[in-house]
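>>> Fold the following.
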Amino acid sequence: MSTRDLWNRYARYFNVEEGIVFPADKPELDFYTQLRKEYTGQCLEIGAGSGRLAGSLQGKSVTVALEPSDSMLHDWAASDCKLAIRIQGTGEKMPFRSGSFPVVVFPYNGLQCVPEEDIRQIKEDILAKYAHESSAWYSTSRLWDDGIIDPMDTRKVVAMGIAMSLNKPYPDPKTGVYRM
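Next comes the predicted model:
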């Protein structure tokens, strides 16, 4: 049995599961709607199924829906078909250049399609990215904060901050103490 035949046989079960057994997941739909508001570039949805996210992924730029099962693509509602360019295919054989999409989504139910060794590599890549980007040097180089204080200068910087705060009279607070 070919991979395409397997996906086409799975399609009817997936659609029953998504539409009848499990009702629409509103928090998930809201998540993708918010994502598209924040990231407006072209979007690629890998494993688009029967179009359950088409409305949420609709944005100012085009959304391309990649799905291995032509049966699932066939089951899209007519209204959803207008929201995305639908392509039958698999991720390994995507007809796009690398970097074509600034936004790529792979909904939660697609991970069963990824070989375990690829999932392990994806996790390693994500952990390496977090390790690199969690550095204080990384965030300060992007001006996300006011800079890094040399530990030897901590007292001097704190004293300057206190001294600056004394240059202006402040009224008595009308609220409680905020703790972070």
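
>>> can you list the domain ranges for the chain.
According to automatic domain parsing, the chain comprises the domains 3-113, 115-168.

>>> And the longest one, how far out from the chain middle?
For domain 3-113, the separation from the chain centroid amounts to 13 Å (computed by Cα atoms, centre = their mean, to the nearest Å).

>>> quick one: average pLDDT of that domain?
Over the span of domain 3-113, the pLDDT mean works out to 82.

>>> ranking the domains of the chain by burial, who's on top?
Of the domains of the chain, the one with the most neighbours on average (mean count of other Cβ atoms under 10 Å) is domain 3-113, at a mean of 16. Bear in mind the C-beta positions are built from the backbone N, C-alpha and C, glycine included.

>>> Using CSV, please lay out the domains of the chain together with distance to residue 177.
Converted to CSV, the domains of the chain look like this (distance: least, Cβ to Cβ, whole Å):
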stretch, distance to residue 177
domain 3-113, 33
domain 115-168, 16
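
>>> Mind checking the ones you listed for the one nearest to residue 174?
If you check each of the domains of the chain against residue 174 by Cβ to Cβ, domain 115-168 wins as the nearest, at 17.2 Å.

>>> Excluding sequence neighbours, find me the nearest residue to the spatially most central residue of the chain.
The C-alpha lying nearest the average C-alpha coordinate of the chain belongs to residue 105 (Cα atoms, centre = their mean; 6.1 Å). In this structure, residue 105 finds its nearest non-sequential neighbour in residue 45, 5.1 Å apart by Cβ to Cβ, 6 or more residues apart in numbering.

>>> Just to be sure, that neighbour is in a strand?
Yes: secondary structure of residue 45, determined by DSSP: H, G, I helix; E, B strand; the rest coil: located in a strand.

>>> what's near enough to touch it?
Taking Cβ atoms under 8 Å, 6 or more residues apart in numbering as the contact definition, residue 45 lies against 53, 57, 63-66, 84, 104-107.

>>> now residue 46
Under the criterion of Cβ under 8 Å, 6+ apart, the neighbours of residue 46 are 66, 91, 104-106, 110.

>>> Present those as TSV; the columns should include secondary structure and distance to residue 40.
Shown next, in TSV, are those (DSSP: H, G, I helix; E, B strand; the rest coil; distance: Cβ to Cβ, whole Å):
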residue	secondary structure	distance to residue 40
66	strand	20
91	helix	23
104	strand	14
105	strand	14
106	coil	19
110	helix	23
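
>>> Many thanks, have a good one.
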